[in-house]
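[1] Okay, predicted coordinates and the sequence, questions at the end:
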Amino acid sequence: MPLTLQNDPDRLLPADPGTRDVARELYRSVAELPIISPHGHVDPAILVDDTPFTDATQLFLRHDHYVTRLLHASGHALAEVGVPDIADGGAVAAPRDAWRRFCEEWPRFAGTASGYWLSTILGEQFGITEQPDAANADRLFTTIEDALQQPAFRPRALFDRFRIEVLATTDDPMGDLAAHAALAADPGFRGRVLPTFRPDAYLDPSKPGWSERVAALAAWNGTPEGSHRGYLEALAGRRRHFIEHGAVSADHGVLEPRTVELDAAEAQALFDRALSGTADAAERERFAAHMLFESARMSVEDGLVMTVHPGVFRDHHSATRERSGPDTGHDLPVRTEYVQPLRPLLERFGTAPGFHLVLFSVDETSYSREIAPLAGFYPSVFIGAPWWFLDAPDAVLRFRAAVTETAGFSRGSGFIDDTRAFLSIPARHDMSRRLDAAFLARLVREGRVDRVTAERTILDLVVDQPRRVFKL
């Protein structure tokens, strides 16, 4: 007999009965509120085309590196669990075979955030009541496949069922944003799908293809390729294009959030060396730090919220990058500092009216040591929600404890799901709401926060805070 899939209605709430009662009521007060997702990676084309999802592997494995990385660690080649092997002409296991391997390895996900989200999705969205295993893998695959052919599981129907009010995507600066324009012009589509300006590959000369991207910007702007001033004008122009299509933020994924202010002459000299290929590693790093500073200047001018996602060593395993491409599970967190690297930016813009800078981290030690103290002084700085390796139940509670005593609740970004896995969005937001309820309930029971304040705070965390921080 397969084991029962656990979806306790009081999951993640405190074990103490009295505290759980308070948490249950706090959670219920926000459980059905709309979802505001101001940072994520869902492809907007799925909502334009409204094409049915194909199968369980495409839905749960192919694009979720939380899942595939643990399967890889368990001895499976990524191609065996649904990720195409680009070094072998795109070879990949048949979807049903990949799903079977995942079901066989289901016990490995016990206690993980992925296991929690998957259990919620399988139980609440597909009505599955048994844990996946080798014996039921084919039957579960068919159950999911049949459901996906129903109108209720089309992307637009799910968007409505999930009560998504705002969904932000992540987009190349030279993208035409046609999908966003189509959704905005479609009277039959409810909700807002907003692009996000993601310029990393255009700002950092160490990124492959940087000079070609600079050339594309210059051609679009009608300015000389070698002009640093023209380069800045082109970036500002592309930002305006995004704003015209509804963008509210610009996102920066950097290894470290280093910022440097350069005068025009030095900036042009470094730009010339980078374009000619003669800049050394230190010079490329200095130019990228200058461009993070310039991005803040642009945000002060045009109003885009500046979000910074630092501290990830991308493509740690070169052989996997060659075989499977980026974003396939081998990006890893590193220690990250903020106070000194961001000081030039904050000295200049930290108190600029209307400037919003949201700092994320995958280094837990930085929350209480650096990010919360920065947000506790600078009106521009907000604490990004736990991200990537930290958007898990225990890590979220540690985050709340680490930042609240210094910066309170009001200096946070609101929850960020940061996902490509569309069906996991409600499970992730629901997890956050349960954990906020649990944390606030403990403060109520300890006499540190009154009940009315807790009720007002959880409402703010779920809807008002992300609207305010991201200017929605």
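    Sure thing, it's come through.
[2] Let me know how buried residue 186 is, in neighbour terms.
    12 (other Cβ atoms under 10 Å). C-beta here means a position set from N, CA and C on the backbone, and glycine is covered the same way.
[3] ok, now how distant is it from residue 464?
    28 Å (Cβ to Cβ, to the nearest Å).
[4] Run a quick neighbour tally on residue 29.
    Using other Cβ under 10 Å, residue 29 is surrounded by 16 other residues.
[5] in which helix or strand would I find the closest residue to it other than its chain neighbours?
    Closest residue in space to residue 29, ignoring its immediate chain neighbours: residue 455 at 6.1 Å, by Cβ to Cβ, 6 or more residues apart in numbering. Using DSSP states H and E, residue 455 maps to helix 451-459.
[6] Now do the phi/psi pair for the residue nearest the centre of the chain.
    Nearest residue to the geometric centre of the chain (Cα atoms, centre = their mean): residue 418, 2.0 Å. Backbone torsions of residue 418, given as degrees, to the nearest 10, read phi 50, psi 50.
[7] and it, what does it touch?
    By Cβ atoms under 8 Å, 6 or more residues apart in numbering, residue 418 lies in contact with 39, 40, 41, 387, 388, 391.
[8] Could you single out the nearest of the residues you listed to residue 70?
    Among the contacts of residue 418, residue 388 lies closest to residue 70 (Cβ to Cβ), at 14.1 Å.
[9] Tell me where the protein has strands.
    35-37, 164-168, 192-194, 249-252, 305-308, 312-313, 332-333, 357-359, 381-383 (DSSP state E).
[10] Output the ones you listed in CSV; the columns should cover mean pLDDT.
    Shown next, in CSV, are those (pLDDT from 0 to 100):
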stretch, mean pLDDT
strand 35-37, 98
strand 164-168, 97
strand 192-194, 97
strand 249-252, 98
strand 305-308, 98
strand 312-313, 92
strand 332-333, 93
strand 357-359, 98
strand 381-383, 98
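[11] Turn those into CSV, columns for mean neighbour count and distance to residue 397.
    Formatted as CSV, those follow (neighbours: other Cβ atoms under 10 Å; distance: least, Cβ to Cβ, whole Å):
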stretch, mean neighbour count, distance to residue 397
strand 35-37, 24, 21
strand 164-168, 22, 25
strand 192-194, 21, 30
strand 249-252, 24, 26
strand 305-308, 24, 23
strand 312-313, 16, 23
strand 332-333, 16, 19
strand 357-359, 26, 20
strand 381-383, 26, 15
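[12] domain assignment for the protein?
    As given by automatic domain parsing, the domain ranges for the chain are 53-153, 156-469.
[13] average pLDDT across the shortest one?
    For domain 53-153, the mean per-residue pLDDT is 94.
[14] tell me the contacts of residue 346?
    357, 374, 378, 380, 381.
[15] Closest to residue 144 out of the residues you listed?
    Nearest to residue 144 among the contacts of residue 346, counting by Cβ to Cβ, is residue 357 at 41.2 Å.
[16] is it true that the closest one touches residue 300?
    No: contact between residue 357 and residue 300 fails when scored by Cβ atoms under 8 Å: they sit 10.0 Å apart.
[17] Common neighbours of the two, please.
    Jointly contacting residue 357 and residue 300 under the rule Cβ under 8 Å, 6+ apart are residue 349.
[18] How many residues are close by residue 455?
    Neighbour tally, residue 455, other Cβ under 10 Å: 16.
[19] any idea how far it lies from residue 148?
    For residue 455, the distance to residue 148 equals 39 Å [Cβ to Cβ].
[20] mind putting the contacts of residue 418 in TSV, distance to residue 338 included?
    As requested, the contacts of residue 418 are exported to TSV (distance: Cβ to Cβ, whole Å):
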residue	distance to residue 338
39	18
40	23
41	24
387	14
388	17
391	19
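[21] among the strands of the chain, which is nearest residue 6?
    Judged by Cβ to Cβ, the one of those that comes nearest to residue 6 is strand 35-37, at 23.6 Å.
[22] by contact count, what packs against the closest one?
    Strand 35-37 sits against strand 164-168, helix 425-445, with contacts defined as 3 or more Cβ pairs under 8 Å, 6 or more residues apart in numbering; DSSP states H and E.
[23] quick one, which of those is nearest to residue 347?
    Nearest to residue 347, of all the helices and strands packed on strand 35-37, is strand 164-168, at 29.3 Å by Cβ to Cβ.
[24] just to revisit the earlier point, identify whichever of the helices and strands packed on strand 35-37 lies nearest to residue 112.
    Closest approach to residue 112 among those (Cβ to Cβ): helix 425-445, 12.5 Å.
[25] Could you give the average pLDDT over that closest one?
    Mean pLDDT, computed over helix 425-445, is 97.
[26] Among the contacts of residue 346, which one sits closest to residue 161?
    Of all the contacts of residue 346, residue 357 has the smallest distance to residue 161: 34.2 Å, by Cβ to Cβ.
[27] quick one: the closest one and residue 49, what's the gap?
    Taken as Cβ to Cβ, the span from residue 357 to residue 49 is 35 Å.
[28] Ok, residue 221 next?
    Distance, residue 221 to residue 49, by Cβ to Cβ: 32 Å.
[29] who's in contact with residue 159?
    Residue 159 neighbours (Cβ under 8 Å, 6+ apart): 47, 167, 190, 191.
[30] so what pLDDT did it get?
    For residue 159, the predicted pLDDT is 97.
[31] swap in residue 327?
    Residue 327 is given a pLDDT of 83.
[32] contacting residues around it?
    Neighbouring residues of residue 327 by Cβ under 8 Å, 6+ apart: residue 65.
[33] likewise residue 406?
    Each residue near residue 406 by Cβ under 8 Å, 6+ apart is listed here: 368, 372, 373, 376.
[34] Residue 204 now?
    With Cβ under 8 Å, 6+ apart, residue 204 has these contacts: 210, 254, 284, 287, 288, 291.
[35] What distance do you get for the third one to residue 201?
    In this structure, residue 284 and residue 201 are separated by 13 Å, where distance is defined by Cβ to Cβ.
[36] before we move on, back to that, out of the contacts of residue 204, who's nearest residue 396?
    Looking across the contacts of residue 204 and measuring by Cβ to Cβ, the closest to residue 396 is residue 254, at 23.6 Å.
[37] and the closest one, how many residues sit next to it?
    Neighbour count for residue 254, taken as other Cβ under 10 Å: 21.
[38] Test my guess that it contacts residue 310.
    Yes: counting by Cβ under 8 Å, residue 254 does reach residue 310; the two are 4.9 Å apart.
[39] list the contacts for residue 92?
    The contact partners of residue 92, taken as Cβ under 8 Å, 6+ apart, are 79, 82, 83, 84, 85, 98.
[40] Show me the contacts of residue 159 that map onto helices.
    Per DSSP state H, helices hold the following members of those: residue 47.
[41] Out of the contacts of residue 159, which is nearest to residue 227?
    When the contacts of residue 159 are compared against residue 227 (criterion: Cβ to Cβ), the nearest one is residue 167, at 36.8 Å.
[42] Tell me how far the closest one lies from residue 451.
    33 Å.
[43] now swap in residue 276 and tell me
    For residue 276 relative to residue 451 (Cβ to Cβ), the value is 65 Å.
[44] Which residue of these two possesses the greater neighbour count?
    residue 451 (13 against 10).
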